[in-house]
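> starting from these lines, generate the structure:
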Amino acid sequence: MRFGTRFAFFIDAAIARSAINLVLSKQWHGLEKLPKHEGFIVVPNHCTEIDPVVVGHMLYNQNIMPHFLAKESLFRTPVVGWALKSARQIPVERSGAGAGKSLIAAREVLDDGGAVVIYPEGTLTRDPDLWPMKGRTGAARLALKTGVKVIPVAHWGAQEVFPRYAKSFKIFPRKKVHVLVGDPVDLSAFAGRQGDKATLEAMTEVIMKDLTALLETLRGEKAPAERWDPAAHHQSTHGRFEERGSQGKKPQELKNDVGTTETGDPQ
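A predicted model of the protein is given here:
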């Protein structure tokens, strides 16, 4: 990694780690399962806006520089945009001619031996109980094109500090977050296949099953038998869904919804 990028990571990490250490204690499990000296894809669950800091902290402390896919508009924001660009984060354009550029940039990071973090749900989960919802196909597409390992990472506890779509942090008492790294997702059945819709959706479901099983371990309970599908509940696939005709829980029943980082992958 070039010096400028590593230096930017150092500055960003110093700020983010200091802030997160104030409000969260951490327990990391399964760190030995993180690949060494090779590029790989990280697929975490997504239930609060501070998830990227939690996952990024864990990876950075293992001397792994995380490269997140983040919505393109963030890169035009003063200070934040500079920090993202300097640390070689990857902008996502959700539509238009630039929609596939993020996957090209992600492949370049993987070819350099880096770690690309893709939230397979594409945005914060719409599931009322914060279980992983129906996934999108970006991580599967990148895995099929590159053949790199896909590592599921489940975490639980950060939502106690910053509930989904919250307006403020809940600092006291100090909370604890658990992060669990899983075995590489077994996608060998799809090797050599074309990236058609059926293949990508099948791969995505395998990824989501492994990720959900990890989260079941952390939470000590079973996920619903049927995965939450935003389309079936007339919800948008990204953004502030309570303002877009959600027919799930009423806005006042949601957990302080105000927005989303929309870090994730293009469909």
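> how about the lengthiest helix in the chain: buried residues?
The residue-count maximum for a helix in the chain (DSSP state H) belongs to helix 197-219. Of the residues in helix 197-219, 199-200, 202-204, 206-212, 214-215, 217-219 count as buried by neighbour count, 16 or more other C-beta atoms under 10 Å. For glycine as for every other residue, the C-beta is placed from the backbone atoms N, C-alpha and C.
> and what of stretch 85-94?
Quick answer for stretch 85-94 (16+ other C-beta under 10 Å): 87-92, 94.
> what about the strands in the stretch 51-200 of the chain?
Ranges of strands in the stretch 51-200 of the chain, per DSSP state E, counting those that start in this stretch, are 66-71, 90-92, 115-117, 149-156, 175-181.
> name the helices or strands packed onto the fourth one?
This points to strand 149-156. Packing partners of strand 149-156 (3 or more C-beta pairs under 8 Å, 6 or more residues apart in numbering; DSSP states H and E): strand 40-44, helix 51-60, strand 175-181, helix 197-219.
> now what about that strand, what contacts it?
33-35, 38, 40-45, 51, 54-55, 58, 139, 143, 177-182, 184-185, 187, 207, 210-211, 214-215, 217-219 (C-beta atoms under 8 Å, 6 or more residues apart in numbering).
> 6 Å instead, please
With contacts defined as C-beta atoms under 6 Å, 6 or more residues apart in numbering, strand 149-156 is touched by 35, 40-45, 54, 143, 177-182, 184-185, 210-211, 214-215, 218-219.
> same question for stretch 36-52.
55, 68, 110, 113-121, 124-125, 130, 132, 139, 143, 148-154, 158-159, 162, 164, 207, 211, 215, 261, 263.
> in ChimeraX, how would I select the buried members of the contacts of strand 149-156?
Of these, the buried ones can be selected in ChimeraX as follows, counting by 16+ other C-beta under 10 Å:
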select :35,40,41,42,43,44,45,54,143,177,178,179,180,181,182,185,210,211,214,215,218,219
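> returning to what we had before: from the buried residues of stretch 85-94, which has minimum pLDDT?
Ranked by pLDDT, the buried residues of stretch 85-94 bottom out at R94 (65).
> returning to that earlier point: now the helices and strands packed on strand 149-156 as CSV including distance to R17?
As requested, the helices and strands packed on strand 149-156 are exported to CSV (distance: least, C-beta to C-beta, whole Å):
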stretch, distance to R17
strand 40-44, 18
helix 51-60, 6
strand 175-181, 13
helix 197-219, 22
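> out of those, nearest to L24?
If you check each of these against L24 by C-beta to C-beta, strand 175-181 wins as the nearest, at 5.1 Å.
> now for that closest one, which elements pack on it?
Secondary-structure packing of strand 175-181 (3 or more C-beta pairs under 6 Å, 6 or more residues apart in numbering; DSSP states H and E): strand 24-29, strand 149-156, helix 197-219.
> weakest of those by average pLDDT?
Across the helices and strands packed on strand 175-181, strand 24-29 gives the lowest mean pLDDT, at a mean of 94.
> packing partners of that one?
strand 175-181.
> show me where this protein dips below the pLDDT cut-off.
Along the chain, segments meeting pLDDT under 70 span 1-14, 94-99, 238-267.
> just want the most central residue of it.
For the chain, the residue lying nearest the average C-alpha position, counting by C-alpha atoms, centre = their mean, turns out to be Y119 (2.9 Å).
> what are the phi and psi values at it?
Dihedral angles phi and psi of Y119 (degrees, to the nearest 10) take the values phi -80, psi 110.
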